[in-house]
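A.B. asks: The following comprises the amino acid sequence and a computationally predicted model.
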Amino acid sequence: MSRPLHVWPRHETGAEVTLRLRYVAGVSPAKWLRAWGDRRPDLPVEALRVEEPAQLVELVAGEADLAFVRLPIDLTGLHSVQLWEELAVAVLPKEHPLAEAEALTVADLKGEPLAPAQPDAAMTMELIAAGTGHAIMPHGVARLHHRRDVVGSAGDGCRSHAHRARLARRSR
């Protein structure tokens, strides 16, 4: 008789048992979900996107089993595995003098105003488009909220602002 390598906590959703996965904006879980479905058709996944400021709320409360999270976060009481490092990009209004640059460094942006930080990346993009300044954000988030009136540029200087993504679950 074979034993599963890992036994996930069981949660009832109607008559079906599910694995509850949460992920932040900019993370594309489709490839992972397809692989999971191929390998564990007996355990369906409920995947929901959560806002970055609330990325741990359901996990810590026991209302989610796993989460793709973006650092920095408090990992106390969590087991986590680093999955990848996200490329950071500088996002500027399309009319900005540096918008045509092939690559930017942090030094290129010195003295340039930052757009007011918002908990919602879509609102940050709105403020950038309005000309309030620039922001450095994960490439996946910039791509998700792309607009025709803003541009994103990566360069060696932005790599120092790379964002790390982890898969986290509550420690047992």
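C.D. replies: Structure's in. What do you need?
A.B. asks: And the helices in this protein, which stretches?
C.D. replies: 30-39, 57-60, 106-109, 121-129, 139-144, 156-159 (DSSP state H).
A.B. asks: Just the residues contacting the longest one, thanks.
C.D. replies: Contacts of helix 30-39 with the rest of the structure, by C-beta atoms under 8 Å, 6 or more residues apart in numbering, involve 19, 21, 43-45, 47. Quick note: C-beta positions are derived from backbone N, CA and C, even for glycine.
A.B. asks: Over to stretch 122-130?
C.D. replies: Stretch 122-130 is contacted from outside by 91-94, 115-118, 133-135, 137, 142, 145-147, 149-150, using C-beta under 8 Å, 6+ apart.
A.B. asks: from those, which ones fall inside strands?
C.D. replies: Among the contacts of stretch 122-130, the members found in strands (DSSP state E) are 91-93, 135, 137, 150.
A.B. asks: Let's see if you can find the most crowded of those.
C.D. replies: The most neighbours of any of the ones in strands among the contacts of stretch 122-130, using other C-beta atoms under 10 Å, belong to V91, which has 28 neighbours.
A.B. asks: Kindly confirm whether my reading is correct that that one touches H139.
C.D. replies: No - contact status for V91 versus H139: not in contact, 9.9 Å apart, counting by C-beta atoms under 8 Å.
A.B. asks: what residues do those two have in common as contacts?
C.D. replies: When C-beta under 8 Å, 6+ apart defines a contact, the residues bordering V91 and H139 alike are G152.
A.B. asks: Does L21 have any beta-bridge partners, and if so which?
C.D. replies: A47, L66 (DSSP bridges).
A.B. asks: quick one, what contacts it?
C.D. replies: Per C-beta under 8 Å, 6+ apart, neighbours of L21: 29, 33, 45-48, 64-68.
A.B. asks: buried subset of those?
C.D. replies: Among these, the ones that count as buried by 16 or more other C-beta atoms under 10 Å are 45, 47, 64-68.
A.B. asks: can you put those residues in CSV and add distance to L83?
C.D. replies: Formatted as CSV, those follow (distance: C-beta to C-beta, whole Å):
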residue, distance to L83
V45, 16
A47, 15
A64, 17
D65, 16
L66, 11
A67, 11
F68, 7
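A.B. asks: Run through the residues that contact E51.
C.D. replies: E51 neighbours (C-beta under 8 Å, 6+ apart): 24-25, 119-120.
A.B. asks: Put together CSV for those, with pLDDT, distance to D74 and neighbour count on each row.
C.D. replies: CSV is the format used below for the contacts of E51 (pLDDT from 0 to 100; distance: C-beta to C-beta, whole Å; neighbours: other C-beta atoms under 10 Å):
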residue, pLDDT, distance to D74, neighbour count
V24, 88, 15, 22
A25, 83, 20, 18
P119, 82, 17, 10
D120, 84, 21, 13
